[in-house]
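Novice: Predicted coordinates and the sequence they were generated for:
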Amino acid sequence: MQTSTFATALTIIISTLLVLSLSAAIIYFIFLYQKKKFRHQQELIEMREAFNHVLLQSKLAIQEQTLNHISKELHANFSHLVSLININLSEILPKSPVEQRENILETKSLAKQLMSELKALSANLNTDHIIHIGFVQALQNELNRLAKTGRYDVSITKTGEEYRMQPEHEIILFRLCQEVLNNVVKYAKASRVISNLSFTPGNFILTIADNGEGFDVEQAVSQSGEKQSTGLLNMRKRAALINAEFAIVSHPGSGTTVTINIPHPQILKTFAV
Amino acid sequence: MQRFFSYEYMYLLPLLLSAILSLKTFRHRWPKPYKLFAVLVIMSFLTEVLANLWIHKLHNIAGWNYSRNNLWIYNFFFLVRFALLSTIFYQILNDSRIRKIIYMGAIVLLLFGLTDYFVIQGPFQYNTFSVIACHVSLIVLCLCYFKQLLQAPGIIDLHKEPMVWMTLGTFLYQSASLPFLIMFGFLNLQHSPLALSLLFINDIFNFLICTCYLISFLCKPQHSQPL
């Protein structure tokens, strides 16, 4: 009797342990499978991000090539044509009647103005030129062009010891600024544009502020799909490409401030301010 | 009171805590299956309290003199528990074929369980027939839920999902205690001291399932992330 009781108890305990082990193995397999699935998902996300990164870089490279091409065309063909117009006008001038000379002189002056505008535009579009003069000078030129229109009171301030960053980073940063300034001209209805550049070894901070109408940033982002507007999205993507933090602070009626912060910029050269 | 500090009542602590925590399913308006799960945990706790009080006090209070046997409470609660778990699985499983089987199967098993309770084995004897049938069907339902999780197009953090912990606890308890429960009814009739000496197996798994329930109410429902 004693033996059979012991055998029964042992049978129950062993079978319980066996079933428990089997159940634990099933649970372990489920968790393991899910972990693998999760890792696979992470890999997929990383691949997608890498693909988007490459895609954006290619798009920007194509854009730069196109802008370069337009810049060279403007410089070579259009400037040449304007020069020819100017030469022709100079030839016509002595032969023309006195009463028409004033008009011809005015046309000559307009042609000269057109020539300088074309040169400035060509320079702004030319990647090599921007790399040559550097981001700070290029931004200053762009702001000067804005000031020349007479519609804006423009100011630029610099703090810290100025330095140059990687050329491709400077190009992306400059195109980003062009987009910001383009938005100021198109939508802001501002009379004042203030730009501040802060150089520190650990951070490069650029701020562009205007005193225009301002807008609701959240609403603009949420409605960008409906309005097929990709401006804000493009700016954020460009900033992400150079590991920059991009922030827009704006409220209806109180202007807009755009801040671009590049933590740990890759410094190439430094200049004393 | 001191007897409640014995190891066999240890499972009451996680059960009490999970019953308290389960109240947040109503306050935070969690989906219906989670609320049903909370009802199940609260009912489990109340049943345990009632069953233990019955043995020690209630069977002999206010002039009553009933048997100390509290199996009639556990046998009845077991059917209620099965009905609640079947409803939860009916709601969380997506396969319409399985849902139909749950609907029909649960009704049949509950009718059989009631027959067993009142006619075949009676309320004062451990209802082994219905217990085994319900245990096996609950194990299958747990496996169906795990299969659904593995085949789901999205992904969730398994260890953060309350329903996973609930199913995990239920699966471990139902499967691991099955060999013991199959024998329990028979041993209880033939060799009662042996049946009682092996009750520690049930106590261990009771503690395990209550701990899983407690963990489940410490988590929040997860939303599946698409791949």
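Specialist: The structure has been received and is ready for your questions.

Novice: Can you tell me the centre-most residue of chain B?
Specialist: Computing the C-alpha centroid of chain B and ranking residues by C-alpha atoms, centre = their mean puts B:R81 first, at 5.6 Å.

Novice: Any residue of the longest helix anywhere in chain A touching chain B?
Specialist: Longest helix in chain A, counting residues (DSSP state H): helix A:2-73. Yes. Contact of helix A:2-73 with chain B (C-beta under 8 Å from any C-beta of the partner chain) involves A:5, A:8-9, A:12-13, A:15-16, A:19-20, A:22-24, A:26-27, A:30-31, A:33-34, A:37-38, A:40-41, A:44. (Glycine included, C-beta is placed from N, CA and C.)

Novice: what about that helix, average pLDDT?
Specialist: For helix A:2-73, the mean pLDDT works out to 87.

Novice: Show the average pLDDT along the following helix or strand past it.
Specialist: Using DSSP states H and E, the helix or strand that follows helix A:2-73 towards the C-terminus is helix A:79-95. On average, the pLDDT along helix A:79-95 is 88.

Novice: same deal with stretch A:121-138?
Specialist: 87.

Novice: In that stretch, which residues are buried?
Specialist: Judged by neighbour count using 16 or more other C-beta atoms under 10 Å in any protein chain shown, the buried positions of stretch A:121-138 are A:121-127, A:129-131, A:134-136, A:138.

Novice: Equivalent analysis for stretch B:19-26, please.
Specialist: By 16+ other C-beta under 10 Å, the buried positions in stretch B:19-26 come out as B:19, B:21-22, B:25.

Novice: Sort out which of the residues you listed are in helices and list them.
Specialist: Going by DSSP H, the helices hold B:19, B:21, B:25 from the buried residues of stretch B:19-26.

Novice: Identify the residues contacting the last one.
Specialist: Right, B:T25. The contact partners of B:T25, by C-beta atoms under 8 Å, 6 or more residues apart in numbering or on different chains, come to B:34-35, B:37-38, B:217.

Novice: Could you write me a PyMOL select line covering just the buried ones among the residues you listed?
Specialist: Listed next is the PyMOL selection for buried residues among these, using 16+ other C-beta under 10 Å:
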select buried, chain B and resi 34+37+38+217
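
Novice: Just flag the most distant two among the contacts of B:T25.
Specialist: The most widely separated members of these, counting by C-beta to C-beta, are B:K35 and B:F217 (11.9 Å).

Novice: hang on, the earlier thing: so the longest helix of chain A versus helix A:79-95, what angle?
Specialist: Using axes from the mean of the first three to the mean of the last three C-alpha atoms, to 10 degrees, the direction of helix A:2-73 lies 20 degrees away from that of helix A:79-95.

Novice: Flag every residue of chain A that's near chain B.
Specialist: Applying C-beta under 8 Å from any C-beta, we find that chain A lies next to chain B at A:5, A:8-9, A:12-13, A:15-16, A:19-20, A:22-24, A:26-27, A:30-31, A:33-34, A:37-38, A:40-41, A:44.

Novice: buried subset of these?
Specialist: By neighbour count, with 16+ other C-beta under 10 Å, the residues of chain A next to chain B hold A:8-9, A:12, A:15-16, A:19-20, A:23, A:27, A:30, A:34, A:37 as buried.

Novice: Can you tell me which of the buried residues of stretch A:121-138 end up in helices?
Specialist: Among the buried residues of stretch A:121-138, the members falling in helices (DSSP H) are A:121-125, A:127, A:129-131, A:135-136, A:138.

Novice: between the residues you listed, which is closest to B:F180?
Specialist: Using C-beta to C-beta, these come closest to B:F180 at A:F135, 76.7 Å.

Novice: Return the per-residue confidence for A:F271.
Specialist: pLDDT for A:F271: 59.

Novice: ok, now B:F146?
Specialist: You'll see B:F146 listed with a pLDDT of 92.

Novice: go on, the one 4 residues further on?
Specialist: Note for B:L150: predicted pLDDT of 86.

Novice: Which positions in the helix or strand where it lies come out as buried?
Specialist: Using DSSP H and E, B:L150 sits within helix B:128-151. Buried residues in helix B:128-151, counting neighbours by 16+ other C-beta under 10 Å, are found at B:128, B:130-131, B:133-135, B:137-142, B:144-146, B:149.

Novice: Beyond it, next helix or strand please.
Specialist: Next in sequence after helix B:128-151, counting helices and strands by DSSP H and E, comes helix B:162-176.

Novice: Tell me what angle that next one forms with helix A:2-73.
Specialist: 150 degrees.

Novice: Buried residues of helix B:162-176, list them for me.
Specialist: For helix B:162-176, a neighbour-count test (16+ other C-beta under 10 Å) marks B:162-176 as buried.

Novice: could you say what helices and strands it packs with?
Specialist: Counting contacts by 3 or more C-beta pairs under 8 Å, 6 or more residues apart in numbering or on different chains; DSSP states H and E, helix B:162-176 packs against helix A:2-73, helix B:32-56, helix B:71-92, helix B:128-151, helix B:199-218.

Novice: and the next helix or strand after it, how far from the chain's centre?
Specialist: Downstream of helix B:162-176, the next assigned helix or strand under DSSP H and E is helix B:178-190. Relative to the centre of its chain, helix B:178-190 is centred 18 Å away, using C-alpha atoms, centre = their mean, to the nearest Å.

Novice: From the contact counts, what lies against the helix or strand just after helix B:178-190?
Specialist: Next along the chain after helix B:178-190, taking DSSP H and E as the criterion, comes helix B:192-197. With contacts defined as 3+ C-beta pairs under 8 Å, 6+ apart, helix B:192-197 has these neighbours: helix A:2-73, helix B:178-190.

Novice: Point out where chain B drops to low pLDDT.
Specialist: Scanning chain B for pLDDT under 70 picks out B:1-5, B:224-227.

Novice: Let me see the ranges of the helices in the stretch 101-250 of chain A.
Specialist: Taking DSSP state H, counting those that start in this stretch, the helices of the stretch 101-250 of chain A run over residues A:127-133, A:135-148, A:167-183, A:217-223, A:231-241.

Novice: Just name the most buried of these.
Specialist: helix A:167-183 (a mean of 20; mean count of other C-beta atoms under 10 Å in any protein chain shown).

Novice: Please export the C-alpha coordinates of that one as CSV.
Specialist: Only the C-alpha atoms of helix A:167-183 are listed here, as CSV (Å, rounded to 0.1, in the frame of the first residue of the first chain):
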residue,chain,number,x,y,z
PRO,A,167,31.0,72.1,-48.1
GLU,A,168,28.0,69.8,-48.7
HIS,A,169,26.6,70.8,-45.2
GLU,A,170,27.1,74.5,-46.1
ILE,A,171,25.2,74.0,-49.4
ILE,A,172,22.3,72.3,-47.7
LEU,A,173,22.2,74.9,-45.0
PHE,A,174,22.3,77.7,-47.5
ARG,A,175,19.4,76.1,-49.6
LEU,A,176,17.5,75.8,-46.3
CYS,A,177,18.0,79.5,-45.6
GLN,A,178,17.0,80.4,-49.2
GLU,A,179,13.7,78.5,-48.6
VAL,A,180,13.2,80.3,-45.3
LEU,A,181,13.8,83.7,-46.9
ASN,A,182,11.7,82.8,-49.9
ASN,A,183,8.8,82.1,-47.4
